[in-house]
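Colleague: Predicted model and sequence follow; I will ask about them next.
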Amino acid sequence: MHTKISTTGRLLVAACTSALLFGCAMNRPSKPPSVFLPPCNDGSTICLYRGVSAKSNGNASLGPGTFKFNPGLSTFNYENTSGPKPPDCYFVFSVTNPNPGTPVAPLTQLPVNGVAGCDAIFDNTPAGHWDILPSTQCDASVISAYAQSHRSDVANGSNSKCY
């Protein structure tokens, strides 16, 4: 049995098909999605995760507004990133433990790897919390410029396509 489709029906089917095809092409990330990075808290390198928002295609927002200091820039080590609502993505900073294999004591201040003039302090309030400290050489624009030039350090959060 054949059903006759009206011209309006054919246009509707064509429009929906085009929208689906166009929508699929529009939702592809411009590069392959990253895989969530494993914890790098190996005793010598300690990862510091900053939650960031992302567009639906996974493009992480890394502008200065993402890295506002209040008074410091709040980050957490890997074990403490699973809050009630994980962020879309993470930007991963790191510090080097001066005594590999020994836990860092609260109030230890260490340079942020790769970001000249920026230090992080392990205040552990709440547990696992680090603050990147503001200084004349370390502010939101410095951190943003570093993050934008190191997109490979963006990791998946609740969005599985982060880059």
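Modeller: In hand now; what should we look at? Residues are numbered from 1 along each chain as shown.
Colleague: residues contacting T108?
Modeller: Applying Cβ atoms under 8 Å, 6 or more residues apart in numbering, we find T108 in contact with 121-122. Just so you know, the C-beta spots here come from the backbone N, C-alpha and C atoms, and that holds for glycine as well.
Colleague: and the spatially most central residue of the chain, what helix or strand is that in?
Modeller: Nearest to the mean C-alpha position of the chain, by Cα atoms, centre = their mean, lies Y90 at 2.1 Å. Using DSSP states H and E, Y90 sits within strand 89-96.
Colleague: And that strand, what does it pack against?
Modeller: strand 45-52, strand 108-111, strand 154-156 (3 or more Cβ pairs under 8 Å, 6 or more residues apart in numbering; DSSP states H and E).
Colleague: hmm, 6 Å instead?
Modeller: strand 45-52, strand 154-156 (3 or more Cβ pairs under 6 Å, 6 or more residues apart in numbering; DSSP states H and E).
Colleague: can you redo those strands as TSV with distance to D139, mean neighbour count and mean pLDDT?
Modeller: Rendered in TSV, the data for these read as follows (distance: least, Cβ to Cβ, whole Å; neighbours: other Cβ atoms under 10 Å; pLDDT from 0 to 100):
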stretch	distance to D139	mean neighbour count	mean pLDDT
strand 45-52	15	22	92
strand 154-156	21	22	90
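Colleague: picking up where we left off before, surely the residue nearest to the centre of the chain is in contact with L48?
Modeller: No - counting by Cβ atoms under 6 Å, Y90 stays clear of L48, with 9.5 Å between them.
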